[in-house]
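Visitor: Need a 3D model of the following:
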Amino acid sequence: MENRFAIAKKTLCCVFLLSVFLFISCKQKTFNTEDELLEYLKVEENGYLQHKAVNGYNFTLLYKPIDLIVNQELKDNVTSPKIHSLRNKYNEFMYLNLSISKNNKELLSTVPKNENDFGALVNQLSFEMNEKVHLYTQSKDTLDMIDFIYPRLYGMSKATNIMFVFPRSKMDKKNEYLNFTISDLGFNTGEIKFKIPIDIINNEPQLTFKN
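Guide: Predicted coordinates:
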């Protein structure tokens with residue numbers, strides 16, 4: 001009896017572990033190329049891309065999986081140690097790309113009415129977005145912004161793009177989502193809020209890097 005019980009117990013344990021493994025494997029997707037991954041991210045139902053339109057302005061928030069950052073730095077040096085090193089390095093942070101446009105153009109191409117307005121908006125986008133954008137948990141704990149990057153594209157893009165970097169360590173994985181908010185930038189939009197599901201961060205897709 002004891003042997004049968006022990007065998008049955010081990011069998012149940014193996015089935016449980018296999019189920020967990022299959023569940024995790026199914027949730028975390030892998031892609032062979034960056035283009036394939038980007039196409040997946042562009043489908044709003046997958047949770048990585050969100051869009052809101054307010055008062056003529058379009059706000060789009062994209063959660064960028066770390067393998068997109070890793071791929072940019074790898075270039076031709078695709079080796080297992082390098083991939084592992086870069087993943088560990090960038091896995092400490094979350095990367096959120098915010099795009100804002102009006103009439104399918106960058107803000108600097110459409111919003112300023114004069115030179116003073118232009119200078120004020122450049123200053124806000126370049127130096128003050130850490131005061132305008134916040135990320136916090138369901139329990140209202142704020143995640144301090146590490147950095148933000150605003151590349152000037154001089155009218156060559158259809159939207160103003162800014163990437164924000166936040167620490168991953170303060171994220172409470174027991175929560176269902178994070179709140180990403182953008183204060184009114186002077187466009188009479190009010191505060192814009194996005195909810196980022198924790199699930200998409202815990203199971204973010206990866207690239208299959210080929211050595």
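
Visitor: and the spatially most central residue of the chain, what helix or strand is that in?
Guide: By Cα atoms, centre = their mean, the chain has its centre lying nearest to residue 63, at 1.7 Å. For residue 63, the enclosing helix or strand under DSSP states H and E is strand 57-64.

Visitor: Show me how far that strand is from its chain's centre.
Guide: The chain centre lies 10 Å from the centre of strand 57-64; the measure is Cα atoms, centre = their mean, to the nearest Å.

Visitor: ok so, going back, could you measure the residue nearest to the centre of the chain against residue 43, distance?
Guide: Distance of residue 63 to residue 43, computed by Cβ to Cβ, to the nearest Å: 13 Å. Backbone N, C-alpha and C define where each C-beta goes, glycine included.

Visitor: where do the contact lists of these two overlap?
Guide: Shared contacts of residue 63 and residue 43 (Cβ atoms under 8 Å, 6 or more residues apart in numbering): residue 49.

Visitor: sorry, back to before: buried stuff in whichever helix or strand comes after the strand holding residue 63?
Guide: Using DSSP H and E, the helix or strand that follows strand 57-64 towards the C-terminus is helix 66-74. Buried residues in helix 66-74, counting neighbours by 16 or more other Cβ atoms under 10 Å, are found at 66-71, 74.

Visitor: shaky segments in the protein?
Guide: 1-27, 155, 211 (pLDDT under 70).

Visitor: tell me which strands and helices the top strand by length along the chain is in contact with?
Guide: Longest strand of the chain, by residue count under DSSP state E: strand 93-102. For strand 93-102, the packing partners by 3 or more Cβ pairs under 8 Å, 6 or more residues apart in numbering; DSSP states H and E come out as strand 57-64, helix 66-74, helix 107-110, strand 160-167.

Visitor: Show residues contacting that strand.
Guide: So strand 93-102 is contacted by 56-64, 66, 68-69, 107, 110-111, 133, 135, 146, 158-168, 171, 180, 182, 185, 187, 196, 201 (Cβ under 8 Å, 6+ apart).
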